[in-house]
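# Only the shape, not the letters, is given here:
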């Protein structure tokens, strides 16, 4: 969903550096309509800071953690120290995806003849965010399902049809990934071979790109990939059925967990 009007303590935020001074850095928060925030010198980096400009310069895009948020005074303080590289990378990716979706929504609103493009695109983004975990997922679903996912999420039909045309011309389908975590045990004298055979039967039946690797025996991960979500779904069912047919009286097969994700390229 779109960001609330004011950040909360411990939130991760994307900011643009406006000015760098000896005692700290002033930034504008990209997700909060340019609301200003301050990064104290001690929170620019870990350890001793000889020259603050060795770490940040005007115009830099940074990810900070909110360490103080006073709505009444309109004051926000950030820390760059308390953000890991992984958190920074994921937050920037989330921010880029948000901007991409908003850009397509704005273009769709323009083509559909709406006047207040920003208001319409933000409201549509909120509706998608309330229906989907990630609004970009909704647009990707349009590639295979048409405008229906958008309309179900509450998007006006006129806007949905324009957005569908934009998505089809601008968006590549992601790689859909389904991980099956299975437990495979055999108490037969040739148990190791039996386990290998059960897993192999699943691989043969897939009809998609599949990797099988151990998650610490007797657990194994069967990772299925395709740009078509229907192929992934069919492959998962085929793999499990083939493995079940191979299970004998001395064997045990259990589906422990299923995980779904998307890889964007």
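Cool, the structure landed. Everything numeric here is computed off the predicted structure, so don't read it as measured data.

# C-alpha only now, for contacts and for neighbours.
Will do.

# So residue 132 versus residue 242, what's the distance?
Separation of residue 132 from residue 242 (CA to CA, to the nearest Å): 33 Å.

# Please report phi then psi for residue 137.
The phi/psi pair for residue 137 (degrees, to the nearest 10) reads phi -60, psi -40.

# what's the spacing between it and residue 22?
43 Å.

# Same drill for those two, tell me which one is more crowded.
residue 137 (16 against 10; other CA atoms under 10 Å).

# wait, what's in contact with the nearest residue to residue 215 once chain neighbours are set aside?
Nearest residue to residue 215, sequence neighbours excluded (CA to CA, 6 or more residues apart in numbering): residue 221, at 6.3 Å. By CA atoms under 8 Å, 6 or more residues apart in numbering, the contact set of residue 221 is 179, 180, 181, 182, 211, 212, 213, 214, 215.

# just checking, residue 102 is part of a strand?
No - counting by DSSP: H, G, I helix; E, B strand; the rest coil, residue 102 falls outside a strand, being helix.

# pretty sure it contacts residue 121?
Yes - contact status for residue 102 versus residue 121: in contact at 6.1 Å, counting by CA atoms under 8 Å.

# what pLDDT, on average, does stretch 56-68 get?
Throughout stretch 56-68, pLDDT has a mean value of 97.

# which residues sit against that stretch?
7-20, 44, 75-80, 82-83, 88, 91-92.

# what about residue 221, distance to residue 93?
For residue 221 relative to residue 93 (CA to CA), the value is 27 Å.

# Let me fix that, I meant to ask about residue 17.
Where residue 93 is concerned, residue 17 sits at a distance of 18 Å (CA to CA).

# which ones are touching the closest residue in space to residue 241 that isn't next to it in sequence?
In this structure, residue 241 finds its nearest non-sequential neighbour in residue 202, 7.9 Å apart by CA to CA, 6+ apart. Residue 202 sits next to 238, 239, 240, 241, 242, 243 when contact means CA under 8 Å, 6+ apart.

# what does the domain assignment say about the chain?
12-82, 87-170, 175-263 (automatic domain parsing).

# Off-centre distance for the shortest one?
The reference is to domain 12-82. Centroid separation between domain 12-82 and its chain, computed with CA atoms, centre = their mean, to the nearest Å, is 25 Å.

# list the helices and strands the helix or strand encompassing residue 230 packs on?
Element membership of residue 230 [criterion: DSSP states H and E] is helix 229-246. Under the contact definition 3 or more CA pairs under 8 Å, 6 or more residues apart in numbering; DSSP states H and E, helix 229-246 sits against strand 175-186, helix 191-204, strand 219-226.

# what's in contact with the helix or strand just after that helix?
Using DSSP H and E, the helix or strand that follows helix 229-246 in sequence is strand 251-263. For strand 251-263, the external contacting residues (CA under 8 Å, 6+ apart) are 174-188, 194, 243-244, 247.

# ok, 10 Å please
Residues outside strand 251-263 that contact it (CA atoms under 10 Å, 6 or more residues apart in numbering) are 137, 140, 173-188, 191, 194-195, 198, 218-227, 229, 232, 236, 240, 243-244, 246-247.

# Show me which of these are buried.
137, 140, 173-186, 194-195, 198, 219-227, 229, 232, 236, 240, 243-244, 246-247 (16 or more other CA atoms under 10 Å).
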